[in-house]
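1. coordinates only, sequence not included:
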Ligand SMILES: CCCCCCCCCCCCCC(=O)SCCNC(=O)CCNC(=O)[C@H](O)C(C)(C)COP(=O)(O)OP(=O)(O)OC[C@H]1O[C@@H](n2cnc3c(N)ncnc32)[C@H](O)[C@@H]1OP(=O)(O)O
């Protein structure tokens with residue numbers, strides 16, 4: 001029984017890669033209504049987290065989980081500028097909540113773990129490893145590691161991530177570790193594949209490092225759907241400077257759609 005509940009919850013969570021899907025679960029409340037578009041308000045309100053939910057509900061999140069992809073004081077002016085640029089391309093709401101325009105761009109929210117907001121009590125928590133944290137969001141010090149925000153263009157089936165690499169990501173002296181770059185590429189291409197195809201796992205990731213990326217720099221990670229063949233979703237990716245004049249890394253990735261049971265050791 002608990003296994004069934006966990007599988008159902010995890011199925012929901014794995015589907016929730018996109019803001020569109022997230023907003024569908026908010027009882028008609030647009031996710032944009034929960035997010036301020038003003039950078040300073042983002043900075044103040046993003047530290048608010050909600051208290052745990054003790055009762056069972058079909059919705060696994062509390063209403064205002066902390067979104068780690070909102071501006072904070074560690075963001076450089078270049079990071080804020082890129083964020084503002086893409087955020088301005090997203091849907092906007094009027095004051096009474098009705099959408100003023102429909103834009104193809106959506107900002108994806110980013111949590112340190114989805115499970116924190118699941119309900120179901122102690123038994124479910126044990127099943128889903130309550131101490132687990134998303135790798136890219138597991139250092140509390142802001143700006144020390146991965147600062148990033150992902151914007152998806154649903155019409156073009158592409159996305160752009162604005163990424164600021166913190167001082168704890170050093171590889172070659174003064175430059176970003178290749179594994180940290182690969183982590184971000186996996187995260188961004190995986191987010192796009194999950195947004196488009198539902199529950200997936202990375203099957204193959206190919207990287208070409210073209211230029212060293214200075215530590216502390218802000219880059220754009222552009223990802224786009226190449227093709228879908230049955231269970232296989234192929235994504236292309238390139239990492240550039242914010243003015244796109246410099247190419248840092250190119251990549252291709254293959255994601256395979258999985259059943260939720262795959263994560264529990266079942267291949268069915
Ligand atoms: C809101 C909450 C969200 C929070 C999330 C935040 C975002 C984070 C996003 C993070 C994202 C990060 C995510 C992560 O980091 S996921 C972690 C890293 N990945 C893994 O651990 C995956 C391990 N591998 C597996 O589990 C299985 O091998 C998979 C599931 C991949 C396939 O096993 P399965 O038994 O299911 O399928 P199959 O073997 O019949 O193959 C099916 C098809 O695929 C083709 N194939 C398979 N492998 C390869 C290969 N290497 N190159 C080329 N092709 C390959 C194969 O030929 C076949 O093609 P065809 O013959 O049908 O044509």
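-> Sure thing, it's come through. Just so it is clear, the model here is predicted, and its values are computed rather than measured.

2. which non-adjacent residue is nearest the closest residue to the ligand within the stretch 51-200 of the chain?
-> Proximity of the stretch 51-200 of the chain to the ligand (C-beta to the nearest ligand atom) peaks at residue 190, 2.4 Å away. For glycine as for every other residue, the C-beta is placed from the backbone atoms N, C-alpha and C. Leaving aside its chain neighbours, residue 190 sits nearest to residue 202 (6.0 Å; criterion: C-beta to C-beta, 6 or more residues apart in numbering).

3. what of residue 214?
-> For residue 214, ignoring the flanking residues on the chain, the nearest one in space by C-beta to C-beta, 6+ apart is residue 175 at 5.9 Å.

4. give me the number of residues near that neighbour?
-> By other C-beta atoms under 10 Å, the residues close to residue 175 number 18.

5. ok, now residue 244?
-> 11.

6. OK, contacts around it?
-> The neighbourhood of residue 244, defined by C-beta atoms under 8 Å, 6 or more residues apart in numbering, consists of residue 220.

7. my guess is it is in a strand, correct?
-> No: per DSSP: H, G, I helix; E, B strand; the rest coil, residue 244 lies outside any strand segment and is coil.

8. circling back: wait, the residue of the stretch 51-200 of the chain closest to the ligand touches residue 199, no?
-> No: the pair residue 190 / residue 199 is not scored as a contact, 11.0 Å apart, by C-beta atoms under 8 Å.

9. just to revisit the earlier point, which element is the residue nearest to residue 190 on?
-> Using DSSP states H and E, residue 202 maps to strand 200-209.

10. and the contacts of that strand?
-> Strand 200-209 is contacted from outside by 178, 181-182, 185-186, 189-190, 193-194, 232-233, 248-258, 262, using C-beta under 8 Å, 6+ apart.

11. list buried residues within the residues you listed.
-> Using 16 or more other C-beta atoms under 10 Å as the burial test, the contacts of strand 200-209 include 181, 185-186, 189-190, 193-194, 232-233, 248-258 as buried.

12. from those residues, which ones fall inside helices?
-> 181, 185-186, 189-190, 193-194 (DSSP state H).

13. need those residues in a markdown table (columns: pLDDT).
-> Formatted as a markdown table, those follow (pLDDT from 0 to 100):
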| residue | pLDDT |
| --- | --- |
| 181 | 98 |
| 185 | 98 |
| 186 | 98 |
| 189 | 98 |
| 190 | 97 |
| 193 | 98 |
| 194 | 95 |
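
14. now do the strands in the stretch 151-268 of the chain.
-> Using DSSP state E, counting those that start in this stretch, the strands of the stretch 151-268 of the chain run over 158-165, 200-209, 218-229, 232-241, 247-257.

15. need the per-residue pLDDT for residue 7.
-> Among the per-residue scores, residue 7 holds a pLDDT of 41.

16. same question but for residue 165, I mixed them up
-> You'll see residue 165 listed with a pLDDT of 98.

17. helices of this protein, start to end?
-> According to DSSP H, the helices that the chain contains are 2-15, 19-24, 31-34, 39-45, 77-87, 121-127, 178-197.

18. on that earlier part again, so who does the residue nearest to residue 214 touch?
-> Counting by C-beta under 8 Å, 6+ apart, residue 175 has contacts 212-215.
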